[in-house]
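1. give me a model of this one.
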Amino acid sequence: MFKKRRILPLCLLAWASVSLSWTAVIAADLVGDEEVSQAQEAQKEGDQVSAENKYLEAIEKFKGSKRDLPLSWALRNLGDIYTQQNKLTEAADSYINAWKIRNNVLVRGTDDNNIAISSLNRKMLEKDTALIMVALGSVYTRQKDFSKAKSTLSDALSRVKASWGPEHDCTGVALAAIGDLRFAQGKYAEAESYYKQAVAIRSKYHPLKELGVLVANYASVLKTLKKNKEANQLESAAQSKSK
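-> Below you'll find the model as predicted:
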């Protein structure tokens, strides 16, 4: 038997503030933004209940004012809160709704003000959409719906690779999530391969000690495969001050 593993979406929350600032530029109308700001403050204070309520308020205002981009962002963040609370059904619903809205925006090619989306903003949207899909796929993994997890995560990986290339940090995020899926399925050799790729990419952007969940899962897989020396080396590297 191996140690209980931690299967979580990786690095998703780190992109939240980046997405909001960019979304606010595209949609200048301020309806709902105050509630989002209050939700963020509540999150910083660890008050998930208040954050959830404020995001729900913002979501209704965004719907009323037809602000698709901030609506999708708020839904994604609400999904993150539900994931942290282990409300997986609610999390999946939030991520699915966020993904549908983002995808519709990409298909129509215009922002909330009916202005054509620039190539740079399209790339940003593609990246954020891929991260939503990674979050959704990770929820499916935790629900043991492995078929949906596989298709969702594969699509996410293809999407981020197409927009940002095979060595981007978010490509590493998607690879790590697929590693989590293979780990949950008991496909340890495949999980090792995905984790190895994820670590190689993500360690270019972050010190190993900041990749705690990824390192822990990778080390657990290595130990399950009786590769204790490699696992110990990985854990030691993560504890050092260098990358």
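2. please count neighbours and contacts with C-alpha atoms only from this point.
-> OK.
3. which residue is the nearest non-sequential neighbour of N53?
-> A39 (7.7 Å; C-alpha to C-alpha, 6 or more residues apart in numbering).
4. next, count neighbours for the one you found.
-> A39 has 27 neighbouring residues, counting by other C-alpha atoms under 10 Å.
5. show me the helices in this protein, by range?
-> With DSSP state H, the ranges of helices along the chain come out as 16-26, 33-44, 48-64, 68-84, 88-108, 119-142, 146-164, 169-184, 188-202, 212-224, 228-239.
6. so where's this protein shaky on pLDDT?
-> 1-29, 241-243 (pLDDT under 70).
7. hang on, the earlier thing: for the residue nearest to N53, give me its contacts.
-> By C-alpha atoms under 8 Å, 6 or more residues apart in numbering, the contact list for A39 reads 50-55.
8. picking that back up, for the helices of the chain, which one ends up most surrounded?
-> helix 169-184 (a mean of 27; mean count of other C-alpha atoms under 10 Å).
9. which outside residues touch it?
-> 7-11, 127, 131, 134, 137-138, 141, 144, 146, 149-150, 153-154, 156-157, 160-161, 165, 188, 190-195, 197-199, 201-202, 205, 214, 217, 221.
10. let me know the angle separating it from helix 188-202.
-> Interaxial angle, helix 169-184 versus helix 188-202 (axes from the mean of the first three to the mean of the last three C-alpha atoms, to 10 degrees): 160 degrees.
11. if we can go back for a sec, and the gap between the residue nearest to N53 and Q197?
-> Note on A39: its distance to Q197, by C-alpha to C-alpha, to the nearest Å, is 35 Å.
12. same deal with L157?
-> 13 Å.
13. and if you look at K150?
-> To Q197, K150 is 17 Å away according to C-alpha to C-alpha.
14. over to K66?
-> K66 is 40 Å from Q197, by C-alpha to C-alpha.
15. can you check A219 too?
-> From A219 to Q197 the distance is 14 Å (C-alpha to C-alpha).
16. and E57, by the same measure?
-> Distance from E57 to Q197, by C-alpha to C-alpha: 40 Å.
17. ok, A91 next?
-> On the measure of C-alpha to C-alpha, A91 and Q197 end up 27 Å apart.
18. kindly report the same for L175.
-> 7 Å.
19. before we move on, what about T224?
-> 18 Å.
20. repeat that for Q143.
-> Counting by C-alpha to C-alpha, the gap from Q143 to Q197 is 25 Å.
21. L211 too?
-> From L211 to Q197 the distance is 14 Å (C-alpha to C-alpha).
22. which outside residues touch stretch 125-135?
-> So stretch 125-135 is contacted by 9, 12, 15, 19, 76, 80, 95, 98-99, 102-103, 106, 152-153, 155-157, 159-160, 163-164, 170, 173-174, 177 (C-alpha under 8 Å, 6+ apart).
23. same thing but at 7 Å, please
-> Outside stretch 125-135, the residues that touch it by C-alpha atoms under 7 Å, 6 or more residues apart in numbering are 9, 12, 76, 95, 99, 102, 152-153, 156, 159-160, 163, 174, 177.
24. and stretch 89-107, by the same measure?
-> 68-69, 72-73, 75-76, 78-80, 82-83, 111, 129, 132, 136, 139.
25. determine how far it lies from the middle of the whole chain.
-> 13 Å (C-alpha atoms, centre = their mean, to the nearest Å).
26. export it to PDB, keeping only CA atoms.
-> As requested, the backbone C-alpha atoms of stretch 89-107 are provided in PDB (Å, rounded to 0.1, in the frame of the first residue of the first chain):
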ATOM      1  CA  THR A  89     -20.500  18.700  -7.800                       C
ATOM      2  CA  GLU A  90     -20.900  22.400  -7.300                       C
ATOM      3  CA  ALA A  91     -17.300  22.900  -8.400                       C
ATOM      4  CA  ALA A  92     -17.800  21.000 -11.600                       C
ATOM      5  CA  ASP A  93     -20.900  23.000 -12.400                       C
ATOM      6  CA  SER A  94     -19.100  26.300 -11.900                       C
ATOM      7  CA  TYR A  95     -16.100  25.300 -14.000                       C
ATOM      8  CA  ILE A  96     -18.400  24.000 -16.800                       C
ATOM      9  CA  ASN A  97     -20.400  27.200 -16.900                       C
ATOM     10  CA  ALA A  98     -17.100  29.300 -16.900                       C
ATOM     11  CA  TRP A  99     -15.700  27.200 -19.700                       C
ATOM     12  CA  LYS A 100     -18.900  27.500 -21.800                       C
ATOM     13  CA  ILE A 101     -18.900  31.300 -21.500                       C
ATOM     14  CA  ARG A 102     -15.200  31.600 -22.300                       C
ATOM     15  CA  ASN A 103     -15.500  29.200 -25.300                       C
ATOM     16  CA  ASN A 104     -18.400  31.300 -26.600                       C
ATOM     17  CA  VAL A 105     -16.400  34.400 -26.400                       C
ATOM     18  CA  LEU A 106     -13.500  32.800 -28.300                       C
ATOM     19  CA  VAL A 107     -15.900  31.600 -31.000                       C
END
